[in-house]
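Engineer: How does the following fold in three dimensions:
(one chain, ligands or ions: 1)
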Amino acid sequence: MMHGPLPDRDPFDQPYWDAARAGSLQMQRCRSCDRFYFPPSPRCAHCASTQVAWTGLSGRGRIWSWVVFQRRYFSDMPPPYTVLRVRLDEGPFLIANLVDAGDRAPTMDAPVHVVFRPAGSLVLPQFVLD
Ligand SMILES: [Zn+2]
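Structural biologist: Numbering: from 1, shown residues only. Model prediction:
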């Protein structure tokens, strides 16, 4: 698949990428306040607890906002392409490309679900319209 620069990596995100490679969307869930958060961190983003565990999500959410790129920024990623900010059903936001939309345009609050696409050395979570 086309992709621009791959995400920067940090010491805490390996489980996220391992799960994506296995076809699962996982994020950290706090055992103290029960909430999910993203991006990965050793402490809960809501209550600062260190009692957190990688947990699977449904991969479902709704479009919160989006942008359609009309200008070429990356040689291997010709425009137009659409990047979504999705509010996942479990609460966290995830920014990712909209793929396989055909002629369908994104709309506010439209339901989407995650798919996993190889991109260089990673497998990237992306979204498709329901
Ligand atoms: Zn918490």
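Engineer: Run through the bridge partners of the nearest residue in space to residue 5 that is not next to it in sequence.
Structural biologist: Take residue 5 and drop its neighbours on the chain: the residue closest to it by Cβ to Cβ, 6 or more residues apart in numbering is residue 74, 6.8 Å away. For glycine as for every other residue, the C-beta is placed from the backbone atoms N, C-alpha and C. Note on residue 74: beta-bridge partners by DSSP bridges are residue 77.
Engineer: Could you report the pLDDT at residue 74?
Structural biologist: Residue 74 is assigned a predicted lDDT (pLDDT) of 89.
Engineer: what's the nearest residue to residue 29 if we skip its chain neighbours?
Structural biologist: Once flanking residues are discounted, residue 29 sits nearest to residue 55: 4.0 Å by Cβ to Cβ, 6+ apart.
Engineer: For the helix or strand that neighbour falls within, which strands pair with it and how are they oriented?
Structural biologist: Residue 55 is located in strand 52-56, with elements delineated by DSSP states H and E. Using DSSP bridges, strand 52-56 pairs in its sheet with strand 26-30 (antiparallel).
Engineer: Checking the strand it pairs with against the ion, do any of its residues make contact.
Structural biologist: Yes: using Cβ under 5 Å from the ion, strand 26-30 reaches the ion at residue 30.
Engineer: following that strand, which helix or strand comes up?
Structural biologist: strand 36-37.
Engineer: Make sure residue 16 is indeed in a strand.
Structural biologist: No: Residue 16 is assigned helix when assessed by DSSP: H, G, I helix; E, B strand; the rest coil, not a strand.
Engineer: residues near it, how many?
Structural biologist: By other Cβ atoms under 10 Å, the residues close to residue 16 number 22.
Engineer: try residue 8
Structural biologist: A count of neighbours around residue 8, defined by other Cβ under 10 Å, yields 6.
Engineer: Could you pull up the residues touching it?
Structural biologist: Residue 8 sits next to no residue when contact means Cβ atoms under 8 Å, 6 or more residues apart in numbering.
Engineer: Could you do residue 12 as well?
Structural biologist: Applying Cβ under 8 Å, 6+ apart, the residues contacting residue 12 are 39, 40, 41, 42.
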